[in-house]
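output the structure for:
(chains A and B)
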Amino acid sequence: MYMDPTVSQNDLEQVRKNLGLDQPLLIQYVLWLKQLLQGNLGYSYVTGKPVIQAILERLPATLLLSITSLIMILLITFPLGLLCGYKKDTWVDDSITIISFLGLSIPTFWLGLMFILFFSLQLDWFPTSGFLDPMLLDASWVQKALNILTHMMLPLLTIIIGGVAGLIRYNRFSMIKILAQDYIASARARGLTERRILFKHALKNALLPIITILGLDLPSLISGSFIIEYIFSWPGMGQLGVQAVFQRDYPILMATIFFSSILIILGNLLADVSYAYADPRISRPSNGDAA
Amino acid sequence: MTPKLWFSISFLGGLAIMAILIPLLPWDPNAINPQAMPQPPSWRHWFGTDDLGRDIFLRSLYGARISLMVGFVSVGISLLIGVTIGLLSGFIGGLVDAIIMRLLDVLMALPTLFLILMVQVTLEPSIFNVMVVIGVTSWMGMARLVRAEVLSIKERAFVTACRSRGLPEKTVLFKHILPHTLNPVIVAAMLGMGGAILVESVLSFLGLGVQPPHASWGNMLENSLGFLRDAPWMALIPGILITLTVLSLNFLGDGLWLLLDPKAKENHVSHS
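Purely as a prediction, here's the structure:
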């Protein structure tokens, strides 16, 4: 921590003691765990406010951004991935594949900077950063919502581009595998229309692996969106965490890691549950010969 | 050989050769030139100059040294840990395997980037720490991959044949099973290098990686923040270089997968 040189040695020792920093690292961790079990995440070194309060203040903005981006990512990747799989090895597939490789390789924080450079500084379409204009605190909720939406556009776009790329590849892969299955061939032989085969027979089966992959991708999606929050000064948990890194505010940092791990585990749980819901074989293992 | 592979090999090869040879030339990447403060790309300065008049082309090549080194070393570390744990977990099986897999589940649920940030803040930020930290936090996927391979390989007839010849377990594992897991490992290593280069750029961008005045693509981007409006090339060039490098590594991983795995060609599908 940075400190004032006029602080006396005694006071410094006292502060160390109060914060528990005089204990060995392992003891500090055990104490942190003990407090956690009692529902106490500690107090910020910088502001002195309870950590839980700081986190809860930031949670809505993070959830707003991450849930919206997750839904958008699903809505975009699903049709595109299926299209790629269906039109395998045509120019449509090739161009979407190359674009998705590009999306995988672009550093998202740099993409965010480029969006600020182009859409905010050059075209002046969207604000560079922030959440809600302080001028609008007393405005009607419609105005507020619109203002938040314009602030959200660029971070959202950045996260979506970063997240869409990997999923399209998986979607394409699972679609190709499904279209090679016997029951699709038999559906074709029965003279069903292509549209009916795609939407009635292939779609639901293609959905299954995507749910799992989405669950596995959550950690990188969440870590990625934290950097984006920082770039766009989006007042979420990510920005809080990155600030805490710079201020050496360990209680906040520990809590940020703790809460994002919980988000990730919840996401995985949700993926598992919806997987069982989409695939009836999973909940009845006794008669499932094809697992 | 596809156009994608040609592109990747020539780009990475060219970059690596230039990055290795550049210190032999007498130009100093940290030389400040007050007469050339930010200048757009020109014949004299191919990529322009930055706020201190330093040549961006030269700094980019020194940055490439950092990025490529981070890619190699941290993937080397993650290979060493991941392959060892994956081999042992898959080969021993049983309770050991179960415990290792549950531990991996826990590790994989952590937001790695924050973990890395936290370690970098606690230790002092240096290029050595960056490589070790990235390596130590990125081996989990590799371990899973190798374990899955070992599980299927150890059921094959040639392994039984080795055992019936009375070879010691160690020889069976390292001389006979290990080589069969290498193809997917090479592919994963290519993708992992791309990932490591991205993480290094984030760290240096946040000021927690390579420290100025030494150039890395990430800290060149950090430096560009104050000049986005006046000198956009300062932000554009390092980003494009990172993208092209990681893109080449991804193409290479994908292309090698098609070349090495006969089953991949049969389906003519590629993984991500």
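
so B:Ser126 versus B:Val119, what's the distance?
12 Å (C-beta to C-beta, to the nearest Å). C-beta here means a position set from N, CA and C on the backbone, and glycine is covered the same way.

between the two, point out the one with more neighbours.
Between B:Ser126 and B:Val119, B:Val119 has the larger neighbour count (other C-beta atoms under 10 Å in any protein chain shown), namely 17 against 13.

how about the contacts made by the more buried one?
B:Asn129, B:Val133 (C-beta atoms under 8 Å, 6 or more residues apart in numbering or on different chains).

secondary structure class for it?
Under DSSP: H, G, I helix; E, B strand; the rest coil, the three-state class of B:Val119 is helix.

report pLDDT for it.
Looking at B:Val119, its pLDDT stands at 80.

any idea how far chain A is from it?
10 Å (C-beta to the nearest C-beta, to the nearest Å).

over to B:Ile242?
5 Å.

show me what the one helix or strand that residue maps to is packed against.
Assigned by DSSP states H and E, B:Ile242 belongs to helix B:233-260. Contacts defined by 3 or more C-beta pairs under 8 Å, 6 or more residues apart in numbering or on different chains; DSSP states H and E place helix B:233-260 against helix A:91-105, helix A:108-115, helix B:3-21, helix B:56-92, helix B:178-205, helix B:217-224, helix B:262-267.

who does the fifth one touch, helix- and strand-wise?
For helix B:178-205, the helices and strands in contact under the criterion 3+ C-beta pairs under 8 Å, 6+ apart are helix A:108-115, helix B:56-92, helix B:112-122, helix B:127-136, helix B:140-153, helix B:217-224, helix B:233-260.

residue contacts, residue 232?
You didn't say which chain, so I picked chain A. A:Phe232 is in contact with A:Gly112, A:Ile116, A:Thr128, A:Ser129, A:Gly130, A:His151, A:Leu154, A:Pro155, A:Thr158, counting by C-beta under 8 Å, 6+ apart.

not what I meant, chain B
By C-beta under 8 Å, 6+ apart, the contact set of B:Pro232 is A:Leu117.

ok, the one 4 residues further on next?
In this structure, B:Leu236 makes contact with A:Met114, judged by C-beta under 8 Å, 6+ apart.

hmm, who's touching the helix or strand harbouring A:Ile184?
Element membership for A:Ile184, per DSSP H and E: helix A:182-189. Applying C-beta under 8 Å, 6+ apart, the external contacts of helix A:182-189 come out as A:Ile178, A:Arg196, A:Ile197, A:His201, A:Ala202.

for the nearest residue to the last one once chain neighbours are set aside, the count of nearby residues, please.
Spatially, and ignoring its direct neighbours in sequence, A:Ala202 is nearest to A:Ile178 (5.1 Å; C-beta to C-beta, 6 or more residues apart in numbering or on different chains). If you count neighbours by other C-beta under 10 Å, A:Ile178 ends up with 20.

contacts only, for A:Ile178.
With C-beta under 8 Å, 6+ apart, A:Ile178 has these contacts: A:Gly85, A:Ile184, A:Ala202, A:Asn205, A:Ala206.

what about the residue of the stretch 51-200 of chain B found nearest chain A, neighbour count?
For the stretch 51-200 of chain B, the residue closest to chain A is B:Leu113, as judged by C-beta to the nearest C-beta, at 4.0 Å. As a burial measure, B:Leu113 scores 24 neighbours (other C-beta under 10 Å).

and the residue nearest to the spatial centre of chain A, what does it touch?
Nearest residue to the geometric centre of chain A (C-alpha atoms, centre = their mean): A:Ile222, 3.2 Å. Residues near A:Ile222 by C-beta under 8 Å, 6+ apart: A:Ser66, A:Ser260, A:Leu263, A:Ile264, B:Pro111.

the closest residue to the second one other than its chain neighbours and A:Pro219, how far apart?
Closest residue to A:Ser260 apart from its sequence neighbours, by C-beta to C-beta, 6+ apart: B:Pro111 at 4.6 Å. Taking C-beta to C-beta as the criterion, B:Pro111 is separated from A:Pro219 by 6 Å.

over to B:Met118?
Separation of B:Met118 from A:Pro219 (C-beta to C-beta): 15 Å.

what sits against A:Asn268?
Residues near A:Asn268 by C-beta under 8 Å, 6+ apart: A:Gly215, A:Leu216, A:Leu218, B:Ala109.

low-confidence regions, chain A specifically.
For chain A, applying pLDDT under 70 flags the ranges A:1-5, A:133-137, A:278-291.

ok, B:Pro184 - contacts?
By C-beta under 8 Å, 6+ apart, the contact set of B:Pro184 is B:Leu145, B:Val146, B:Glu149, B:Trp257, B:Asp261.

count of neighbours near the closest residue to the third one other than its chain neighbours?
The spatial neighbour of B:Glu149 that comes closest, neighbours along the chain excluded (C-beta to C-beta, 6+ apart), is B:Thr181 at 4.2 Å. Using other C-beta under 10 Å, the number of residues around B:Thr181 comes to 21.

looks like B:Thr181 contacts B:Leu87 (just checking).
Yes: judged on C-beta atoms under 8 Å, B:Thr181 makes contact with B:Leu87 at a distance of 7.4 Å.

identify the contacts common to these two.
B:Val146, B:Val150.

returning to what we had before: possible to save the contacts of helix A:182-189 as CSV with secondary structure?
Rendered in CSV, the data for the contacts of helix A:182-189 read as follows (three-state DSSP):
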residue, secondary structure
A:Ile178, helix
A:Arg196, helix
A:Ile197, helix
A:His201, helix
A:Ala202, helix
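
now the buried members of these.
Listed as buried from the contacts of helix A:182-189 are A:Ile178, A:Ile197, A:His201, A:Ala202; burial here means 16 or more other C-beta atoms under 10 Å in any protein chain shown.

out of those residues, the closest to chain B would be?
For the buried ones among the contacts of helix A:182-189, the nearest to chain B is A:Ile178 (11.4 Å; C-beta to the nearest C-beta).

contact residues of the stretch 101-250 of chain A facing chain B?
Residues of the stretch 101-250 of chain A lying close to chain B (C-beta under 8 Å from any C-beta of the partner chain) are A:101-102, A:104-107, A:109-111, A:113-114, A:116-117, A:121, A:166, A:169-170, A:172-173, A:176-177, A:180, A:219, A:222-224, A:226-227, A:241-242, A:245-246, A:248.
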